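Asks: Using only what follows, build the 3D model:
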Amino acid sequence: CIMKSMKNAIENKIIYQVSVHNSTKEGTFRALIPQLDTFKKHGADIIYLLPFYSVGELFRKGEYGSPYCIKDYLSVNPCLGTMEDFDLLVDEIHRRGMRVMIDIVFRHTSYDSLLAKEHPEFFYRDKEGKFYSSVPEWPDIIDLNTDKEEVQDYLLDVLTFYQKRGVDDFRFDVASVLPPLFIRKMRERLGDETILLAESCAQDFNANQKRQHRHGLHPNELFAAGFDLCYHYSSFLYLREYLEEHNKESLYAYKAAVEAEFATNPKGKFILRCIENHDTPRICSYTDDVNIQKSLLAYSFFTPGPAFVLHGEESKEDKKLDFCNLGKVSLANFEPEYYDFYKRLVDLKKNTDYSGFEYSVIPMSHKEQLFVINTYQDHQEIGLFPLSNKDQDFALPHVPDGDYLDLISQKMIHVENETVITPVPLILYRDGR
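Replies: Now for the predicted structure:
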């Protein structure tokens, strides 16, 4: 079966994130269907849908409401259509040879959720016995107690409900708070061919949860419990600081954090290095320099694991996704040359033979650059990603002088005195090790 064989080559895949209500003029399941061929052209292997469930009314954020403030797990937001429309969308995605991943939010519900009414015992209470959110920045939701076995049983049935409707894979919101035993139950219920993506949280969030006697799992703990993929928030916070504040020490801290993740990452498990998702700024909002934009994009594709693309990223959208409102993803900044660069990265990701992959390293320096070496059994691929608006010199110890193929441009690049000077991103192919 096409849908189920894909997990065996997950490293080559493109996860393409879509918010239904922000993606077309109508903002519905049916209106999204004509866009699927375009998404496939963009390289999508897995269509990842933001939450589409009915949204709570109490303390609603924005005109649409936060999709993560769920009123009923088993009903869709009527703004998007019907459950039958959702089923049709799933079928159409499959018909084009792509998988369906949906967003699962098991940490919390809306105040006026069906569960809060029917099973108030499922929730944490404050000292006054009231529902509450342990994250003050999220005042529209209340916390589920997923340590309770009866809560786990209910939520496992939610997963089964959608798997039976044809959903292939699941992304779990705020996955670091889920109990390891519950995660293992999810893996057992869904089977080994289902891709499980964890939104693994940053250290400060996890620490805050642990102070409240909650779970705060590190990516390696999530991997051990059963997840295949994790977000990179434990390290990304440093890169984001650098991009926003241009603090070179933050960039150095980022490299150190990534090197630690490379060194400890379990075989066959991957941390996504996506720069964009629905919670983060767009690449093109950080800088107007196209070479830096390309470097960030190329870096996110080059690192081990599947690539992750937010709808509009390929078109240089610079506005953060406003998923609590009805604003649409804009294609106004589309540039053919940039899109051609994006498609070359897609082709590289899909055509790389990862069967001989052994390890990655990120050499440390205080320079404004990202430098990653992927080592395979019989060759190396050397990723050079400048992050300043001037030529960057990359020191390549033990790389003999000579000409090397740049896999992006398909041009030969000269190495002299173990150094390459470049203003643009390069991925050099080197025979041997």
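
Asks: From Pro139, how far out is the residue nearest to Tyr111 when sequence neighbours are not counted?
Replies: Nearest residue to Tyr111 in three dimensions, chain neighbours excluded: Leu58, at 4.2 Å (C-beta to C-beta, 6 or more residues apart in numbering). In short, each C-beta sits where N, CA and C put it, glycine included. According to C-beta to C-beta, to the nearest Å, Leu58 stands 10 Å off from Pro139.

Asks: doesn't Ala116 make contact with the residue nearest to Tyr111?
Replies: No. Taking contacts as C-beta atoms under 8 Å, Leu58 lies outside contact range of Ala116: 9.8 Å.

Asks: who has more neighbours, those two?
Replies: Ala116 (19 against 16; other C-beta atoms under 10 Å).

Asks: I'd guessed that one sits against Phe131; true?
Replies: Yes. Using C-beta under 8 Å, Ala116 is in contact with Phe131, at 6.6 Å.

Asks: Overlap in contacts, these two.
Replies: Common neighbours of Ala116 and Phe131, counting by C-beta atoms under 8 Å, 6 or more residues apart in numbering, are Phe123, Ile142.

Asks: show me what contacts the residue nearest to Tyr111?
Replies: Ser110, Tyr111, Asp112, Asp140.

Asks: who wins for neighbours among those residues?
Replies: Among the contacts of Leu58, Ser110 has the most neighbours (other C-beta under 10 Å), with 26 neighbours.

Asks: Show me what that one is bridged to.
Replies: Counting by DSSP bridges, Ser110 is bridged to Ile141.

Asks: same thing with Val420?
Replies: Counting by DSSP bridges, Val420 forms beta bridges with Phe394.

Asks: Identify the spatial nearest neighbour of Tyr342, chain neighbours not counted.
Replies: Spatially, and ignoring its direct neighbours in sequence, Tyr342 is nearest to Glu314 (4.7 Å; C-beta to C-beta, 6+ apart).

Asks: ok so the one you found is a helix residue?
Replies: Yes. Under DSSP: H, G, I helix; E, B strand; the rest coil, Glu314 falls within a helix.

Asks: correct me, but it touches His42?
Replies: Yes. Judged on C-beta under 8 Å, Glu314 makes contact with His42 at a distance of 5.3 Å.

Asks: hmm, back to that, quick check: the two most widely separated of the contacts of Leu58?
Replies: Maximum pairwise distance among the contacts of Leu58 (C-beta to C-beta): 10.1 Å, between Asp112 and Asp140.

Asks: Just put the contacts of Leu58 in CSV and tack on distance to Thr82 and pLDDT.
Replies: Shown next, in CSV, are those (distance: C-beta to C-beta, whole Å; pLDDT from 0 to 100):
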residue, distance to Thr82, pLDDT
Ser110, 21, 97
Tyr111, 25, 96
Asp112, 21, 97
Asp140, 25, 94
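
Asks: I'd like the residues you listed as a markdown table, with distance to Asp147 appended.
Replies: Below are those laid out as a markdown table (distance: C-beta to C-beta, whole Å):
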| residue | distance to Asp147 |
| --- | --- |
| Ser110 | 21 |
| Tyr111 | 21 |
| Asp112 | 24 |
| Asp140 | 23 |
